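S.K.: Predicted structure and sequence below. I'll ask about it afterward.
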Amino acid sequence: MAPTQQKDYYGTLGVKKTATADDIRKAFRKLARKYHPDVNPGDKKAEEKFKEISEANDVLSDDKKRKVFDQLGFYSDNIDPAAAGAYTRGGGGFGGGQGRGGRGSPVDFGGFDFSGFTQDGGSRASESGAGFGSSFKDIFGNMFNGGGRQARGPQPGTDLEYQVQVDFWTAVRGGVTRLDIQRQEQCSTCRGTGAVGKPMECPECHGAGKVTQTAGRMKFDTQCPRCGGAGKVQAACLTCDGEGVVTRREPLEFRIKAGTRDGQRIRLAGKGNAGTEGAASGDLFLIIKVGPHKLFRRTGDDIHVTVPVTAMEAALGARIEVPTIDGEGSHAGRAQLKIPPGTQTGQKLRMREKGVPNAAHEGTRGDQIVEVVIVVPKVQDERSKEILRELQKLNPEDPREGMLAEA
Ligand SMILES: [Zn+2]
Ligand SMILES: [Zn+2]
């Protein structure tokens, strides 16, 4: 049985450990020319040798892979370079360093025994060209990528976001809106700790915080998955299944300010999901969707409304009544508007400060913009037709004159 299958890629290519990328490339090319299967048809030894140098080149010509190889003495695609660095810095142990919310529970490599990694694994590897036997690779993948339970601790609550439908009038005038939200609350049984009762010695590791695992002929210590390395366990709270939080449906009532706009985000601090073990709650964000109105269109704080006028009102000028948003409840109000003589269809008349109150600046309002549409009289009787013919004779202007000249 061979000892640890640590490959000597530098030796395979015949370069020093300090070789530059250029040195490596040159060395590989030289050897590749010599051992390439096309040059040595049917030569099993040359083929084997070519595989070896290809593998060595694959790792050493890649900065990241080379770094892992330099640190560990072997390379696998499953090894994260950062984890390899942590391994080296930690003097052979993976303890600590990765923190909560990182790649998983710390793995202690202190008791790692390489003796089970045999020549057998190595030859299988060179067949696949992958560098290592699959079982070895799998084990390393698991170790470096974590798995197993993370130690608990205070976790801040996450933010929540809800879309809220608000009708046109509530957004314009303000009001109270109700919404059912689903949020995580701190569990009252365990006060957010997820555990109840007194801490007891962990039955899995008997208080050691570590367990020894074997995979084939390898033995290594890992953090105890049951207690997360603490050596002690507490019974999980049955109310929250040990989560520290419970999900509840909660009716929520909140004020909509007058002038709230479509798409506006309202933040209710601390109304998001509860944190565990006393950590802060997240925030609740409400995204306002303002409903439409059959008459009024809103852009920002301005109100747009289309108003029909007769041809006579437009020609002679008039004082007309138009709807405004200044009414009661879900009713529109009314206001007087002066139509200047000679008003054309499509013309826009501005009614200052008849728009929506600004939610941010109290006392300021937008405008109401009235678009005039001229309604032509449908004359039936002879007398009216006569008057219109006479009117036409008195005003022989051609409205298409300029247009035709231009075209
Ligand atoms: Zn609980
Ligand atoms: Zn334990």
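M.R.: Thanks, I have the structure now. Since the structure is predicted, the reported quantities are computational estimates derived from the model, not experimental observations. Residues are numbered from 1 along each chain as shown. Ligands and ions are numbered 1, 2, ... in the order given.
S.K.: Off-centre distance for stretch 380-388?
M.R.: Its chain's C-alpha centre and that of stretch 380-388 lie 70 Å apart, by C-alpha atoms, centre = their mean, to the nearest Å.
S.K.: swap in stretch 21-41?
M.R.: That offset, for stretch 21-41, works out to 47 Å (C-alpha atoms, centre = their mean).
S.K.: quick one: buried residues of that stretch?
M.R.: Ile24, Ala27, Phe28, Leu31, Tyr35 (16 or more other C-beta atoms under 10 Å). Heads up, the C-betas are built off the backbone N, CA and C, glycines and all.
S.K.: Stretch 254-271 now?
M.R.: Under 16+ other C-beta under 10 Å, the buried positions of stretch 254-271 are Ile256, Lys257, Ala258, Gly259, Thr260, Arg261, Asp262, Gln264, Ile266, Lys271.
S.K.: for the buried residues of stretch 21-41, which one is nearest Arg226?
M.R.: Comparing the buried residues of stretch 21-41 against Arg226 with C-beta to C-beta picks out Ile24 as the nearest, at 46.9 Å.
S.K.: which residue packs closest to the closest one, ignoring adjacent ones?
M.R.: Nearest residue to Ile24 in three dimensions, chain neighbours excluded: Leu60, at 5.0 Å (C-beta to C-beta, 6 or more residues apart in numbering).
S.K.: For the one you found, which residues are in contact?
M.R.: Tyr9, Tyr10, Leu13, Val15, Ala19, Ile24, Arg66, Phe69 (C-beta atoms under 8 Å, 6 or more residues apart in numbering).
S.K.: related to what we said a few turns ago, among the buried residues of stretch 21-41, which are located in helices?
M.R.: Ile24, Ala27, Phe28, Leu31, Tyr35 (DSSP state H).
S.K.: so which of those also contact ligand 1?
M.R.: Residues of these in contact with ligand 1 (C-beta under 5 Å from the ion): none.
S.K.: Make a markdown table out of the residues you listed and add pLDDT.
M.R.: Output for these, formatted as a markdown table (pLDDT from 0 to 100):
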| residue | pLDDT |
| --- | --- |
| Ile24 | 90 |
| Ala27 | 89 |
| Phe28 | 88 |
| Leu31 | 87 |
| Tyr35 | 83 |
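S.K.: Show me the two of these that sit farthest apart.
M.R.: Largest separation among those by C-beta to C-beta: Ile24 and Tyr35, giving 16.1 Å.
S.K.: Just give me the closest of the ones in helices among the buried residues of stretch 21-41 to ligand 2.
M.R.: When those are ranked by distance to ligand 2 (C-beta to the ion), Ile24 comes first, at 46.3 Å.
S.K.: which element is the residue in the stretch 251-400 of the chain that ligand 2 sits nearest to on?
M.R.: Closest to ligand 2 within the stretch 251-400 of the chain is Glu277: 20.1 Å, counting by C-beta to the ion. Using DSSP states H and E, Glu277 falls within no helix or strand.
S.K.: Same check on Lys198?
M.R.: strand 195-201.
S.K.: before we move on, what about Ala315?
M.R.: Assigned by DSSP H and E, Ala315 falls within helix 311-316.
S.K.: Mind listing residues that contact that helix?
M.R.: Residues contacting helix 311-316 (C-beta under 8 Å, 6+ apart): Ile320, Ile339, Pro341, Gly342, Thr343, Gln344, Thr345, Val372, Ile374, Val375, Val376, Pro377.
S.K.: helix, strand or coil for the last one?
M.R.: Per DSSP: H, G, I helix; E, B strand; the rest coil, the local secondary structure of Pro377 is coil.
S.K.: Please look at it and Thr310 and confirm they touch.
M.R.: Yes. Pro377 is within contact range of Thr310, at 6.6 Å (criterion: C-beta atoms under 8 Å).
S.K.: list the contacts for Gly270?
M.R.: With C-beta under 8 Å, 6+ apart, Gly270 has these contacts: Ala280, Ser281, Gly282, Asp283.
S.K.: quick one: which of the residues you listed has the most company?
M.R.: In terms of neighbours by other C-beta atoms under 10 Å, those top out with Ser281 at 22 neighbours.
S.K.: would you say that residue is within a helix?
M.R.: No. Ser281 sits outside any helix when classified using three-state DSSP, being coil.
S.K.: can I assume it is in contact with Gly157?
M.R.: Yes. With contact defined as C-beta under 8 Å, Ser281 reaches Gly157; the gap is 4.2 Å.
S.K.: which residues are common contacts for these two?
M.R.: Gly272, Asn273, Ala274, Gly275.
S.K.: Am I right that the second one is in contact with Gln155?
M.R.: No. Taking C-beta under 8 Å as the definition, Asn273 is not a contact partner of Gln155, at 9.7 Å.
S.K.: The protein - how does it break down into domains?
M.R.: 9-145, 155-194+240-292, 198-236, 297-402 (automatic domain parsing).
S.K.: and these, which one is worst for confidence?
M.R.: Lowest mean pLDDT of those: domain 9-145, a mean of 62.
S.K.: Which positions in the chain make contact with ligand 1?
M.R.: Counting by C-beta under 5 Å from the ion, the chain sits next to ligand 1 at Cys187, Thr189, Cys190, Cys237, Thr239, Cys240.
S.K.: will you turn the residues you listed into TSV that also has secondary structure and neighbour count?
M.R.: Conversion of these to TSV gives the following (DSSP: H, G, I helix; E, B strand; the rest coil; neighbours: other C-beta atoms under 10 Å):
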residue	secondary structure	neighbour count
Cys187	coil	23
Thr189	coil	15
Cys190	coil	25
Cys237	coil	21
Thr239	coil	15
Cys240	coil	24
